[in-house]
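Visitor: Curious how this folds, go ahead:
(chains A and B)
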There are 2 protein chains.
Amino acid sequence: MGRMLLQAAANYPVETHVMENDDECPAAHLCRYFIKGNIRDFDSVYNFGKNLDAITIEIENVNIDALERLEAEGVKVFPKPSVLRTIKNKVLQKQYYLEHQIPTAEFAVLQSLSELDQWEELLPAVQKLAEGGYDGRGVQIIEDLDSSHLGFNEHSVLEKKIKIKKEIAVIIAVDQNGKTALYPPVEMVFNKDLNLLDYQICPADISQNVLWKVEAISLSVVRNFNSPGLFAVELFVDINDDVFVNETAPRVHNSGHHTIEAHYSSQFDMLWRIILGFPLGNTKFILPSIMVNIIGSDGYSGEPGYAGLDEVLKIDNAFVHIYGKLQTKPGRKMGHVTILSNEKQDLIHKANKIKQLLSVVA
Amino acid sequence: MGRMLLQAAANYPVETHVMENDDECPAAHLCRYFIKGNIRDFDSVYNFGKNLDAITIEIENVNIDALERLEAEGVKVFPKPSVLRTIKNKVLQKQYYLEHQIPTAEFAVLQSLSELDQWEELLPAVQKLAEGGYDGRGVQIIEDLDSSHLGFNEHSVLEKKIKIKKEIAVIIAVDQNGKTALYPPVEMVFNKDLNLLDYQICPADISQNVLWKVEAISLSVVRNFNSPGLFAVELFVDINDDVFVNETAPRVHNSGHHTIEAHYSSQFDMLWRIILGFPLGNTKFILPSIMVNIIGSDGYSGEPGYAGLDEVLKIDNAFVHIYGKLQTKPGRKMGHVTILSNEKQDLIHKANKIKQLLSVVA
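Guide: The predicted model follows:
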């Protein structure tokens, strides 16, 4: 993520500083100054940021106290630390939606698994840890009270399962004056067996009516943050065409990767415009697109090899991004491919072809 | 140029090493390893390259002896040093065209200005220094013998002036197996008063017949080099629709900048495919485009400021690239803007608008 943000930075008059734990991380060699440091540690984050004009994040786990101190001392932080506090904790995030009358799945807050009995009416449900979940970890489906032992005995959200017709994501930009720009919604298509994103298609195939709801809800999510930044709002459309917020990311996001080639202003370009105080970019697409993640194959850990890459690079309308991570492991995002075409069937055909051709081995 | 090449490298599994004189150059902070060194010096180039798998250049002035030694020792050099030798010297370059029956303007080779009298039949002519010319320097128009004192008293080419209808450039890729891929020709439109590129439009507005000649001639230029690499062939179309090679660059080139957003595989992406032994990319355009250079304004030298950048960033279909050079001076290329549109009038209108809006001051 940082790597793609830095690729976009190279078009602007800006001096980049990056902090990460690992000085062999993909972003380390594409910035002006790299500092090795622990993003969770107050002093590291504070000392990194105190002489900068502005700071942004590409993961929620950054030390928020340090970001707040920096903000108080006049460093511009994108998004505001208060937004990170709300989003990072799934309980606070759900309460935020409730407070601002933003449709979201019915839920209860659990302190421990023993409270589950009181919430039978929410089952089947999805239990999510308040903190620490990421990329599918910290999430558990609980079908009924008999399977309650599968749950987490921790501070968590218990969310009534929605009868999902489609999963949608919207990238929204908010500039320093509060002006907003929405990208066209994308549709995330999941492999039901593996619970893994199969591909993501833009624009989403939804009715005008659903589109309006998606846009209105996404806008109310970000407007109530009162913060500039680049946000990804993930939503469910249920079988009645009702729309619910699933969750929000306050940063550049996997669901916006297609914007690099398919849109006039990419999500990365857009975030630089926001940070640098430039006018917002054009969110329209040049061509419809599909995006496939390149995922570390099961059974392989270590230095990555990209089997089938040659064949994928022969596909006329495919754009390949290998992130340069030094280690692969099962399920790790190692890159992505975006395909552009006016023909939806061509997009889906090529996406499936790429998934068959390409694997990350070690 | 190096900067954009490194932006494209970030999509591939490749470790980049860059050598330049100036450790604040735009490429210095987008590579894995930067080495400060003199590209004209044998030892610097040789020591830089001796442990690398492959090496390429973004300017012709690299020490060719060192590149030849590296090539002999098994380092892959793109293009072959022999090609650099031919191209770097305008006399050798012209003789190369002659030798391979490639149409080019009639010419004579001068050792000194006193020989000019013998070549009156070539006047009006363009005199070009054999070595050392760059971006318009080292080039002089000589209308008649009365103005012969304007000429260079040096080893040079005297080239009969062609009655130019259009100036065309073609980017061609040659992979390690000799397979070629041509980008659609672009048309370079010059400001006659300033002799500066006004803008460059893709695709060129030429007849099918002229297109065939342009493609055949460009192909014969690169095929006879017997070298993999990325080449830009600049051509004249005269008032009779005859086509002549003007000159060739053996590297990524200003006339290919529009390919970053307007084409499936950019010239930078393509060069990485060639170097890494991947299949050639797709040279087709996604949309027609126009490219405008951002040039240091007259009367300003020093740390650059980009007056009007905000207004340019509001243009819906414009892509801005600021190269991050630390100093501007009159005429220096400081960036470029590419515009995409299906409407040629929209392209030209926006190009003119950008030229009015944007200036590089200090």
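Visitor: Quick one: the helices in the stretch 201-350 of chain A, in order.
Guide: A:208-223, A:259-262, A:267-276, A:309-313, A:344-357 (DSSP state H, counting those that start in this stretch).
Visitor: mind checking which of these is nearest residue A:247?
Guide: Distance to residue A:247, taken as C-beta to C-beta, is lowest for helix A:208-223 among the helices of the stretch 201-350 of chain A, at 9.8 Å. Where you see a C-beta, it was placed from the backbone N, CA and C, and this is true even at glycine.
Visitor: gap between that closest one and the chain center?
Guide: Centre-to-centre, helix A:208-223 and its host chain are 18 Å apart (C-alpha atoms, centre = their mean, to the nearest Å).
Visitor: mind giving me the domain split of chain A?
Guide: As recorded under automatic domain parsing, the domains making up chain A are A:2-78, A:106-160, A:164-361.
Visitor: Now do the last one, average pLDDT.
Guide: Domain A:164-361 shows an average pLDDT of 96 in the prediction.
Visitor: Leaving out the residues flanking it, which one is nearest to the residue nearest the centre of chain A?
Guide: Nearest to the mean C-alpha position of chain A, by C-alpha atoms, centre = their mean, lies residue A:253 at 3.3 Å. The shortest distance from residue A:253 to any non-neighbouring residue, by C-beta to C-beta, 6 or more residues apart in numbering or on different chains, is to residue A:232 (3.4 Å).
Visitor: and if you look at residue A:82?
Guide: Leaving aside its sequence neighbours, residue A:82 sits nearest to residue A:227 (C-beta to C-beta, 6+ apart; 7.2 Å).
Visitor: Check the gap between that neighbour and residue A:178 for me.
Guide: 9 Å (C-beta to C-beta, to the nearest Å).
Visitor: just residue A:131 next, same as before
Guide: From residue A:131 to residue A:178 the distance is 29 Å (C-beta to C-beta).
Visitor: Could you do residue A:115 as well?
Guide: 40 Å.
Visitor: more crowded one of those two?
Guide: residue A:115 (14 against 11; other C-beta atoms under 10 Å in any protein chain shown).
Visitor: contacting residues around that one?
Guide: Residue A:115 is in contact with residue A:108, counting by C-beta atoms under 8 Å, 6 or more residues apart in numbering or on different chains.
Visitor: one more time with 10 Å, if that's ok
Guide: Residue A:115 sits next to A:108, A:109, A:153, A:156, A:158 when contact means C-beta atoms under 10 Å, 6 or more residues apart in numbering or on different chains.
Visitor: do residue A:220 as well
Guide: Neighbour list for residue A:220: A:97, A:100, A:101, A:102, A:103, A:233, A:245 [criterion: C-beta under 10 Å, 6+ apart].
Visitor: Same question for residue A:121.
Guide: A:106, A:108, A:160.
Visitor: So what pairs up with the second one in the strands?
Guide: So the one you mean is residue A:108. For residue A:108, the residues forming beta bridges with it (DSSP bridges) are residue A:158.
Visitor: Count the residues that sit near it.
Guide: Quick note: residue A:108 (other C-beta under 10 Å) scores 18 neighbours.
Visitor: got the contact list for residue A:120?
Guide: Shown in contact with residue A:120 (C-beta under 10 Å, 6+ apart): A:144, A:145, A:148.
Visitor: The residues you listed in strands, which ones?
Guide: Counting by DSSP state E, no part of the contacts of residue A:120 is found in strands.
Visitor: can you redo those residues as TSV with pLDDT, neighbour count and distance to chain B?
Guide: Shown next, in TSV, are the contacts of residue A:120 (pLDDT from 0 to 100; neighbours: other C-beta atoms under 10 Å in any protein chain shown; distance: C-beta to the nearest C-beta, whole Å):
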residue	pLDDT	neighbour count	distance to chain B
A:144	92	10	47
A:145	90	12	49
A:148	86	17	46
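Visitor: Please tabulate these in TSV, including the columns distance to residue A:3.
Guide: Listed next are the contacts of residue A:120 as TSV, based on distance: C-beta to C-beta, whole Å:
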residue	distance to residue A:3
A:144	44
A:145	46
A:148	42
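Visitor: Please give the element, helix or strand, for the closest residue to residue A:45 other than its chain neighbours.
Guide: Setting aside the residues directly before and after it, residue A:45 is nearest to residue A:66 in space (C-beta to C-beta, 6+ apart), at 3.6 Å. If you go by DSSP states H and E, residue A:66 is part of helix A:64-72.
Visitor: List the buried residues of that helix.
Guide: Residues of helix A:64-72 classed as buried by neighbour count (16 or more other C-beta atoms under 10 Å in any protein chain shown): A:64, A:66, A:67, A:68, A:69, A:70, A:71.
Visitor: and what of stretch A:198-216?
Guide: A:198, A:199, A:200, A:201, A:202, A:204, A:206, A:210, A:211, A:213, A:214, A:215.
Visitor: Enumerate every residue touching the last one.
Guide: So that's residue A:215. Residues near residue A:215 by C-beta under 10 Å, 6+ apart: A:170, A:172, A:182, A:184, A:185, A:233, A:243.
Visitor: Those into a markdown table, with extra columns for neighbour count and secondary structure?
Guide: Below are the contacts of residue A:215 laid out as a markdown table (neighbours: other C-beta atoms under 10 Å in any protein chain shown; DSSP: H, G, I helix; E, B strand; the rest coil):
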| residue | neighbour count | secondary structure |
| --- | --- | --- |
| A:170 | 26 | strand |
| A:172 | 23 | strand |
| A:182 | 16 | strand |
| A:184 | 19 | coil |
| A:185 | 24 | coil |
| A:233 | 27 | strand |
| A:243 | 24 | strand |
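Visitor: Nearest to residue B:223 among those residues?
Guide: Among the contacts of residue A:215, residue A:184 lies closest to residue B:223 (C-beta to C-beta), at 44.5 Å.
Visitor: Now do residue A:24, the pLDDT please.
Guide: 85.
Visitor: so it makes contact with residue A:327?
Guide: Yes. In this structure residue A:24 lies within contact range of residue A:327 using C-beta atoms under 10 Å: 9.5 Å.
Visitor: so what secondary structure elements neighbour the helix or strand harbouring residue A:48?
Guide: Using DSSP H and E, residue A:48 falls within helix A:42-49. Applying 3 or more C-beta pairs under 10 Å, 6 or more residues apart in numbering or on different chains; DSSP states H and E, one finds that helix A:42-49 contacts strand A:17-20, strand A:33-36, strand A:54-56, helix A:64-72.
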